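Enquirer: generate coordinates for the sequence data below:
(2 chains)
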Number of protein chains: 2
Amino acid sequence: MKPIFIQEVHLNQEVTNILIENQHIAGIGSHLPMPADAIKIVGRQMAAFPTVANMHTHAAMTLLKGLGSDQTLQQWLNESIWPAEKNLDDEAVYWGTKLACLEMIKCGTTLFNDMYFRLPSSAKAVAEMGLRSVLGFNVFGDGDELTDESFLRLREEVEGEGPLVQLSIAPHSVYTVSEKGLRHCAEMSQKYGTLYHIHMCETETEVRECQQQYGCRPYSLLQRLGVLEMTEGRFVGAHSLFLDPEEIALMGSRHVTVVHNPASNLKLGSGSQFLYTELCKAGVNVTLGTDGSASSNNLDMIEAARLMSYLQKGVRQDPTVLPAAELLSVATANGFSALGIDAGKIEVGKLADLMLVDLDNIAFVPDNDTLSGLFYAAHADAVDTVICNGRILMQHHHVDGEEEIVAQARQHARKLRPLP
Amino acid sequence: MKPIFIQEVHLNQEVTNILIENQHIAGIGSHLPMPADAIKIVGRQMAAFPTVANMHTHAAMTLLKGLGSDQTLQQWLNESIWPAEKNLDDEAVYWGTKLACLEMIKCGTTLFNDMYFRLPSSAKAVAEMGLRSVLGFNVFGDGDELTDESFLRLREEVEGEGPLVQLSIAPHSVYTVSEKGLRHCAEMSQKYGTLYHIHMCETETEVRECQQQYGCRPYSLLQRLGVLEMTEGRFVGAHSLFLDPEEIALMGSRHVTVVHNPASNLKLGSGSQFLYTELCKAGVNVTLGTDGSASSNNLDMIEAARLMSYLQKGVRQDPTVLPAAELLSVATANGFSALGIDAGKIEVGKLADLMLVDLDNIAFVPDNDTLSGLFYAAHADAVDTVICNGRILMQHHHVDGEEEIVAQARQHARKLRPLP
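Expert: Reported below is the predicted structural model:
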């Protein structure tokens, strides 16, 4: 792969050059010479930022986007989502994932942590699109379907698609997986060194029912089952909205990563009070996600970041909470580090995952503060160029093959829609 | 002005044609013939919606966007905003307002209700940009500056710029205007039939201090002073975030219009619990705004609408609150009707204020629900065309003169920035 030389780009309020070689950031400096064989990107009127990590989504569900908006959870599942999902096949998952990848690239995402079905189809789509993904083997009940044989076969199929795709183990939740299943998944996650990705404490109902069934809250249940110990450093709890102080302390001590999905939590009526400050104090790694497009209807991480910051400030009635620089870490470095990927910062030696935003976009005019412009004013359309692992995935808003993806996704979505 | 014929456009889930003549929507129908002299707009892969009404902003402050993000209110005012505002002159207000109009047009706004200084400069900018505006004569203290003479002179200057610009009377708030000033403004508003535009109940501090000073809450104070009676049907209370049931009943009985500014309320740490359901029940007219770009950093009404809906659903833990169709009215018709402008709906006979959104924008793919796509997935970049009062203000994302506006705004903003 040819080196990439980004010339005269804004980085941390200075104008400099960035050299990318062998998938890594090889040099940063205003006097850096351009290698003769490099692909040159003109950075003038562009600012470089690390790309974002969407830490919880269900990519292929983008085909179901907009079905059953404004319905109660049960109505939405029974009348809109489940009937449509019955019609899902491999090809639909493949094109749905491609559409999701396209949308994610357009908002500067180069890593997503997914949970869905028909993983080989998703893996193929992700590999072709060129971004990084961790795809979760979804487990329900006792998890009998997760055996050494099935895991190894699936891992070969998924990770065989390319070096940027990984398989994780994803028990759905404490209300859909048994104690046996939760523990079995942890044992397998420990044995094979995978991420353990699970929905946690998303609704008050979930917590209440867990207390009724098991006599304790969800994180305490996982602690009792040995799950948090077996998955230490590899546990990702999506949502984690309803927590008590004891659980938070426990989560910190076990180096849990949580994923806040503010748009989904609001739109589905789950709640608005994510305990960001408390979780950080306890040492929990806080990251950000969009959830699937069927829940809250886009995969835009810039929007998710803004929503997270605004909610923290508004609900706590304190405008100084979660300032833009901290928000950048939540949306970027915290996500990459949770998955053991050495990206999320623009520094020499890091993997070359970065985006260029267009400072001529009206969101940044009149140039008073670029970082504030990105998180408090801009939308995805400000992202001009996206580079992942040293490869250009988008330049001047164009992703190769996007017209076909849109056409195919439309066709497959039409087949899924429940008849009126 | 030539008629405009929008051919084969999506409107309320059907494909139809829209004819615009003499500033009004003159016809809608799939068999409508195109007049020979009409300007034709190809509507295929576009959906028509009424344009939005930004009911509370400070347009020229867009020059200060991004200054002092994440600061406390006092720090933000003392260190960032007030030092910069000291340097404001007529030309800065003119170019700042132009930049704001440009941004507003780009997100489908054709009406904004403003409050700031140096109104003739703003009026000139608005008239040149072609959208509708009500500009508020800002009053502080006893309002001695507001006399018949000063009012009439300013009205002539402002409304002389063009038929779409109006002057209103805008006492700043109950904490910066005296009882005498509040009442004087109401008398003048009644005498000249203008809007009475005021910040109300924006923070808990404001309400508490009003109770300490006057022994009652802000809306009750205005009732006691006779303000609500004198301004009935013309009263616009921006924010109105902290209210008690008695005030809400009073507001309904006096046909008050309130403007919810969710992004500003969250970002400045004012609060998150706007009493939408309660206000509607009481008969209050609920509208939407962005506040100035210095408070929350863009003028995007699509974002404001989404934020409002998500907050209502999330804070109330009920996904069925404020569904998309209702949200459309809040963002469009409710605003226009508050200002006595017969627009905000695409119906024959209404003023021709409408926008076309691009259904090929990825937010709408795969076409499951257009209205949900607009409010729950799209950003301003989906807006392709904006028409105000029968005149095209933007087509294919381009507004005449936008390059100069951006250049001039940058230059003036540089002069305003406090030296580091």
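
Enquirer: how about the residues of the stretch 51-200 of chain A near chain B?
Expert: A:62-67, A:69-73, A:76, A:99, A:102-103, A:106 (C-beta under 8 Å from any C-beta of the partner chain). Yep, even glycine has a C-beta here, placed from its N, CA and C like the rest.

Enquirer: from the residues you listed, which has minimum pLDDT?
Expert: Lowest pLDDT of these: A:L73, 82.

Enquirer: show me what contacts that residue?
Expert: Contact analysis of A:L73 by C-beta atoms under 8 Å, 6 or more residues apart in numbering or on different chains lists A:L268, A:G269, B:P319.

Enquirer: what parts of the stretch 301-420 of chain A come near chain B?
Expert: Residues of the stretch 301-420 of chain A lying near chain B (C-beta under 8 Å from any C-beta): A:303, A:307, A:309-311, A:313-321, A:323-324, A:360, A:362-363, A:365-369, A:372-373, A:376-381, A:406, A:409-410, A:412-414, A:417.

Enquirer: hmm, which of those residues are the buried ones?
Expert: By neighbour count, with 16 or more other C-beta atoms under 10 Å in any protein chain shown, those hold A:303, A:307, A:309-311, A:313-317, A:319, A:321, A:323-324, A:360, A:362-363, A:365-369, A:372-373, A:376-381, A:406, A:409-410, A:412-413, A:417 as buried.

Enquirer: then the strand or helix carrying A:M55 to PDB, C-alphas only?
Expert: Following DSSP states H and E, one finds A:M55 within strand A:52-57. Extracted as PDB, the C-alpha positions of strand A:52-57 are listed here (Å, rounded to 0.1, in the frame of the first residue of the first chain):
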ATOM      1  CA  VAL A  52     -14.800   7.500  16.200                       C
ATOM      2  CA  ALA A  53     -15.700   4.100  17.600                       C
ATOM      3  CA  ASN A  54     -19.300   3.100  17.600                       C
ATOM      4  CA  MET A  55     -19.300   0.700  20.500                       C
ATOM      5  CA  HIS A  56     -22.700  -0.700  20.300                       C
ATOM      6  CA  THR A  57     -24.900  -1.300  17.300                       C
END
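
Enquirer: that strand - contacts with which helices or strands?
Expert: In terms of contacts (3 or more C-beta pairs under 8 Å, 6 or more residues apart in numbering or on different chains; DSSP states H and E), strand A:52-57 is packed against strand A:109-116, strand A:235-239, strand A:257-260, strand A:285-288, helix A:301-315, helix A:333-338.

Enquirer: next secondary structure after the longest one?
Expert: What that stands for is helix A:301-315. Assigned by DSSP H and E, the successor of helix A:301-315 is helix A:324-331.

Enquirer: what's the average pLDDT for that following helix?
Expert: Mean predicted confidence for helix A:324-331 is 97.

Enquirer: tell me the angle of that helix relative to strand A:109-116?
Expert: For helix A:324-331 against strand A:109-116, the angle between stretch directions is 50 degrees (axes from the mean of the first three to the mean of the last three C-alpha atoms, to 10 degrees).

Enquirer: chain center to helix A:324-331, what's the gap?
Expert: 15 Å (C-alpha atoms, centre = their mean, to the nearest Å).

Enquirer: elements contacting that helix?
Expert: Judged by 3+ C-beta pairs under 8 Å, 6+ apart, helix A:324-331 is in contact with strand A:285-288, helix A:301-315, helix A:370-376.

Enquirer: can you put the ones you listed in JSON lines and add distance to B:V158 and mean pLDDT?
Expert: Shown next, in JSON lines, are the helices and strands packed on helix A:324-331 (distance: least, C-beta to C-beta, whole Å; pLDDT from 0 to 100):
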{"stretch": "strand A:285-288", "distance to B:V158": "45", "mean pLDDT": "98"}
{"stretch": "helix A:301-315", "distance to B:V158": "34", "mean pLDDT": "98"}
{"stretch": "helix A:370-376", "distance to B:V158": "31", "mean pLDDT": "97"}
